[in-house]
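*Asks:* Sequence plus the predicted model coming up.
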Amino acid sequence: NEALIKIPYEFNIPKIGDTVKALDRKGDVKGDAKVIRVVKEKDKTAVVSIAVKKNLAMEVRNIRC
């Protein structure tokens, strides 16, 4: 019942297990998301994987910690 979304993220990197706000294109909060994975390599943008409700998968474009 959840979808996994991977988002490039350069601000304060959340930790695995954190709950963050899922945002749409306008920056409006669509709901909560759980951080599943964080990939951070030296000198590269981090990729944060989040789980959201499946019906929000095509709307969520960013997160707010």
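*Replies:* Ah, there it is. Note that the structure is a prediction, hence the values are computed from the model and not measured.

*Asks:* How about the contacts made by I63?
*Replies:* Counting by Cβ atoms under 8 Å, 6 or more residues apart in numbering, I63 makes contact with 7, 9, 14, 20-23, 33, 48, 50. C-betas here are computed from N, CA, C, even on glycine.

*Asks:* taking those residues one by one, which sit in strands?
*Replies:* Mapping the contacts of I63 onto strands (DSSP state E) picks out 7, 9, 20-23, 33, 48, 50.

*Asks:* strand partners of the host helix or strand of V35, parallel vs antiparallel please.
*Replies:* Taking DSSP states H and E as the criterion, V35 maps to strand 29-39. The strands that strand 29-39 pairs with in its sheet are strand 19-23 (antiparallel), strand 46-53 (antiparallel) (by DSSP bridges).

*Asks:* circling back to that earlier point, make CSV from the contacts of I63 and add distance to V60 and neighbour count to it.
*Replies:* Listed next are the contacts of I63 as CSV, based on distance: Cβ to Cβ, whole Å; neighbours: other Cβ atoms under 10 Å:
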residue, distance to V60, neighbour count
I7, 8, 18
Y9, 13, 20
P14, 15, 20
V20, 11, 18
K21, 10, 15
A22, 4, 25
L23, 7, 19
A33, 7, 27
V48, 12, 25
I50, 8, 25
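
*Asks:* Closest one of those to L56?
*Replies:* The closest of the contacts of I63 to L56 turns out to be A22 (Cβ to Cβ; 6.4 Å).

*Asks:* Tell me what that closest one is bridged to.
*Replies:* As for beta bridges, A22 partners with G31, I63 under DSSP bridges.

*Asks:* on that earlier part again, and of the contacts of I63, the nearest to V39?
*Replies:* V39 lies nearest to V48 out of the contacts of I63, by Cβ to Cβ, at 8.1 Å.

*Asks:* tell me the contacts of the closest one?
*Replies:* Counting by Cβ under 8 Å, 6+ apart, V48 makes contact with 6-9, 13-14, 35, 37-38, 63.

*Asks:* V20 too?
*Replies:* So V20 contacts 14, 32-35, 50, 63-65 (Cβ under 8 Å, 6+ apart).

*Asks:* quick check, nearest of those residues to E2?
*Replies:* K34 (8.4 Å).
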